[in-house]
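J.: Structure here, sequence nowhere to be found:
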RNA sequence: GCUCCGUUCGUCUAGCUGGCCCAGGACGUGAGAUUUUCAUUCUCAAAAUCGCGGGUUCGAAUCCCGCACGGAGUACCA
């Protein structure tokens, strides 16, 4: 009978969750969902010195925002808790002792200063000190010291750590789902500390014990763990848990967009894109690191971007919903090499998701921004707007959003591209004035006002009177006149179809704007 | 230094059981079309001699070896 799929995301609460970590969580989630398995959130807070308040909450909030849900974990409970390693502290010691009893581990009494000195000593000889099968006999531990000395030290409460005892000259093979078999020789591996002098386990011990007791079937984690994977395999062997050892998959790293190296916290704000899912205010430095959510990315877009950074569906489809990702995900298509984050493509994804939102949804996102600019949206409004005041009906805002959303990638860009729908321009782009506002233009603009005042205020009627009868029949330059009208109404040379805009603004407002432009810009000098 | 992992257009990648690949898609870039402007949209284009060098083979991006380069690890951090 196949084992139930149980995967875990196990971050350390040492700060905000890095976008690479988010991707790891996502891949675990997709894998769990696809296989009808369980997704578990375990907090690895065995390093008390690096604990950052708020980090755990941040992780949960970020993943919730992205739609990555957990079946078990610190925040939702579950049958294999507790899910925070600090809460599991009492259970680790017995496992460390079990390893000592079976000869797989030993006590080491070397003080940190002594180890540091040893490293310096080796460094002076251009060598690297490693606490391993070659050097452990020169150190102070239960392997090198007489038994009664060891007992004396233990009884007197002398601080100690427990180290794993790697057997000499043994090839250890880790089977990785992405990379195949990776073999390392134990002679090159060091005797890692499993249990610290403060009574806490290290990552290595806690990880194996927890994965085993939580019945984890697959460990999907970052590539930075590959070098210590042999230790983990040996630990399963030492505990006699090899039969139920989880399968490993080491994900390629996310690289910085320019230059080389792993994506780091600093690159993000320097290069103009976030490396964190949500804004993070560092409690110590007070420093703010920006997040995708606050930058205006849609959670669906972030999920899509991350999913494709290191994986592909095997088809040419690039826009994929969470449901599709769950259906299509497979470890075979995870790439082996690191991926650089591409800001432009990320924007494109967000643009695509913007188009998928209904006009109403976009308007909903836009309304708070309008308020910031002093624009009110009145649901009970009887007319679309009350120019020259600043109250607009919801349908009007929805219409504007529908017309203009294809031009933006982020909702934050909406105000700049649509402000003239809500406010008359206060100044006129000088370059545009120079280019468009040619001599005789005030005459044409006055004619526009006259036409608006005389013909019925309907698209076709105005089109005929202005474009057909006045401009075309009058042998005028269509572009020149219409562009000047645009300049007068919008203040610059961008915008939607001119007459559509006029219809939306209304007769009175359009005339006001044109007259103001005539007054402000005046007749150009030749 | 040592160990491990990796290396296809600027970027993400397809290709993985050798021939359909003088390498396909996407983002970005350039050009054109459309438009009263801008944007959108559409069409087209440039862009990787598949890190380099050997080998195996009738034939290699695909298999093997070496080298180079990049990354990760090398803590009583995870």
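T.: Received it, and whenever you're ready, just let me know what you need. Being a predicted model, the structure only gives us computed values, none of them experimental. Numbering: from 1, shown residues only, chains lettered A, B, ... in the order given.

J.: contacts and neighbour counts: CA atoms only from here.
T.: Noted.

J.: quick one, domains of chain A?
T.: Domain ranges of chain A: A:88-251, A:265-356, A:357-423, A:426-526, per automatic domain parsing.

J.: Compare the ones you listed and give me the one nearest residue A:23.
T.: Closest to residue A:23 of those, according to C-alpha to C-alpha: domain A:265-356, at 5.7 Å.

J.: Alongside RNA strand B, which residues does the stretch 1-150 of chain A contribute?
T.: A:10-12, A:44-47, A:50, A:109-112, A:127-130 (C-alpha under 7 Å from any atom of the strand).

J.: The residue of the stretch 101-250 of chain A found nearest RNA strand B: neighbour count?
T.: Residue nearest to RNA strand B within the stretch 101-250 of chain A: residue A:224 (3.2 Å; C-alpha to the nearest atom of the strand). Residue A:224 has 12 neighbouring residues, counting by other C-alpha atoms under 10 Å.

J.: what about it, distance to residue A:429?
T.: Counting by C-alpha to C-alpha, to the nearest Å, the separation of residue A:224 from residue A:429 is 53 Å.

J.: cool, and residue A:498?
T.: To residue A:429, residue A:498 is 17 Å away according to C-alpha to C-alpha.

J.: So for these two, which sits in the more crowded spot?
T.: Legend: neighbour count by other C-alpha under 10 Å for residue A:498 and residue A:429, higher for residue A:498 (16 against 13).

J.: That one is in contact with residue A:486, isn't it?
T.: Yes: contact criterion C-alpha atoms under 8 Å: residue A:498 and residue A:486 qualify, at 6.6 Å.

J.: one step back: drop anything exposed from the residues of the stretch 1-150 of chain A next to RNA strand B.
T.: When these are checked for burial by 16 or more other C-alpha atoms under 10 Å, the buried set is A:10, A:11, A:12, A:44, A:45, A:46, A:47, A:109, A:129, A:130.

J.: Where in chain A is the helix or strand with the lowest mean pLDDT?
T.: Within chain A, no helix or strand scores below helix A:265-271, which has a mean of 69 by mean pLDDT, DSSP states H and E.

J.: Distance from the chain centre to the next helix or strand after it, please.
T.: Counting by DSSP states H and E, the element after helix A:265-271 in chain order, helix or strand, is strand A:280-281. The chain centroid and the centroid of strand A:280-281 are separated by 14 Å under C-alpha atoms, centre = their mean, to the nearest Å.

J.: if we can go back for a sec, ramachandran coordinates for the residue of the stretch 101-250 of chain A closest to RNA strand B?
T.: Main-chain torsions, residue A:224, degrees, to the nearest 10: phi -60, psi -10.

J.: Just the element for the closest residue to residue A:463 other than its chain neighbours, please.
T.: Nearest residue to residue A:463, sequence neighbours excluded (C-alpha to C-alpha, 6 or more residues apart in numbering): residue A:499, at 7.5 Å. Following DSSP H and E, one finds residue A:499 within helix A:498-505.

J.: Which residue ranges of the stretch 251-400 of chain A form helices?
T.: A:265-271, A:292-295, A:299-308, A:322-328, A:343-356, A:359-372, A:394-404 (DSSP state H, counting those that start in this stretch).

J.: Now do the third one and helix A:343-356, the angle between them.
T.: An angle of 140 degrees separates the directions of helix A:299-308 and helix A:343-356 when computed by axes from the mean of the first three to the mean of the last three C-alpha atoms, to 10 degrees.

J.: So which residues on the stretch 401-526 of chain A come close to RNA strand B?
T.: Checking the stretch 401-526 of chain A against RNA strand B by C-alpha under 7 Å from any atom of the strand, the hits are A:406-407, A:478-480, A:482-483, A:486, A:493-499.

J.: among those residues, who's most crowded?
T.: Among those, residue A:486 has the most neighbours (other C-alpha under 10 Å), with 23 neighbours.

J.: And the helix or strand encompassing that residue, what does it pack against?
T.: Per DSSP H and E, residue A:486 falls inside helix A:478-490. If contacts are counted by 3 or more C-alpha pairs under 8 Å, 6 or more residues apart in numbering; DSSP states H and E, helix A:478-490 sits against helix A:430-436, helix A:441-454, helix A:507-521.

J.: what's around residue A:327, how many residues?
T.: 15.

J.: ditto for residue A:433
T.: Neighbours around residue A:433, by other C-alpha under 10 Å: 19.

J.: just the one 3 residues further on next, same as before
T.: The number of residues packed around residue A:436, counting by other C-alpha under 10 Å, is 20.

J.: Isn't it up against residue A:483?
T.: Yes: using C-alpha under 8 Å, residue A:436 is in contact with residue A:483, at 6.5 Å.

J.: now the stretch 1-150 of chain A, which segments are flagged as low pLDDT?
T.: For the stretch 1-150 of chain A, residues meeting the criterion pLDDT under 70 lie at A:1-2.

J.: Show me where it has its helices.
T.: A:19-34, A:55-66, A:89-101, A:112-124, A:147-155.

J.: So which of those helices is nearest residue A:509?
T.: helix A:55-66 (42.1 Å).

J.: Packing partners of that closest one?
T.: Under the contact criterion of 3+ C-alpha pairs under 8 Å, 6+ apart, helix A:55-66 touches helix A:299-308.

J.: can you give me the angle the helix it packs on makes with helix A:19-34?
T.: 90 degrees.

J.: quick check, stretch A:157-167 touching RNA strand B?
T.: Yes: using C-alpha under 7 Å from any atom of the strand, stretch A:157-167 comes into contact with RNA strand B via A:159, A:160, A:161.

J.: Selection in PyMOL covering whichever of the residues you listed are buried, please.
T.: Listed next is the PyMOL selection for buried residues among these, using 16+ other C-alpha under 10 Å:
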select buried, chain A and resi 159+160+161
